[in-house]
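Participant: when you get a sec, could you give me coordinates for this:
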Amino acid sequence: MRIALFEPDIPQNTGTVLRLSACLGLEIHLIEPAGFPTTDRAFRRAGMDYLDKVALTRHNCWESFSVWRNTEGLRLVLFTTKGEVPYLAHRFRPDDILLFGRESSGVPEKVHAAADARLVIPMRTGLRSLNVATACAMAVGEGIRQINLRSESEP
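Facilitator: Model (predicted):
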């Protein structure tokens, strides 16, 4: 399982997701352009002391990420407030890329169309959205739980 961030615009959220991926040993893919500098130097200056432990790949645009994903044969799972399938009803797989959009605007329609699954984290009516780092941690936790449960039950 991998994490991808689409054009993030809040550096603190990206730093939190980078730390999550470092601690759990997950690859993270950063789809640029971001709304802040994404060099290693900028991340270190922002206090990202786990950067050496992160398997980080930068993609300069959606198209290059999409080519890479299709070449690798990975399934794209988009988390979106426009999703209809609750994330707890989804069957996660090790070849999933969990994609999270910009904090300010989500993802464009072409990204929605490219997703193999569009999931939602159910929330109380009238509230806009969760913090992207919080949503990512919830999704990753469920994905790891499901994958580990299946691998433990297989002979």
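Participant: residues in contact with Asn131?
Facilitator: By C-beta atoms under 8 Å, 6 or more residues apart in numbering, Asn131 lies in contact with 13, 103. Any C-beta I mention is one placed from the backbone N, CA and C, and that applies to glycine too.
Participant: per-residue pLDDT of it, please?
Facilitator: pLDDT, Asn131: 94.
Participant: surely Ala4 is within a helix?
Facilitator: No - in this structure, Ala4 is strand, not part of a helix, as judged by DSSP: H, G, I helix; E, B strand; the rest coil.
Participant: count of neighbours near it?
Facilitator: With neighbours defined by other C-beta atoms under 10 Å, the count for Ala4 comes to 24.
Participant: would you confirm that it contacts Ile28?
Facilitator: Yes - when contacts are counted by C-beta atoms under 8 Å, Ala4 is listed as touching Ile28 (7.3 Å).
Participant: for this structure, which segments count as helices?
Facilitator: Under the criterion DSSP state H, the chain carries helices at the ranges 11-24, 40-45, 62-72, 109-114, 132-153.
Participant: what sits against the nearest residue in space to Leu24 that is not next to it in sequence?
Facilitator: Nearest non-adjacent residue to Leu24, counting by C-beta to C-beta, 6 or more residues apart in numbering: Val140, 6.6 Å away. Neighbouring residues of Val140 by C-beta under 8 Å, 6+ apart: 1, 3, 20, 24, 26, 98.
Participant: which residue sits closest to the third one, ignoring its sequence neighbours?
Facilitator: The one in question is Leu20. Per C-beta to C-beta, 6+ apart, closest to Leu20 is Ala137, 5.8 Å.
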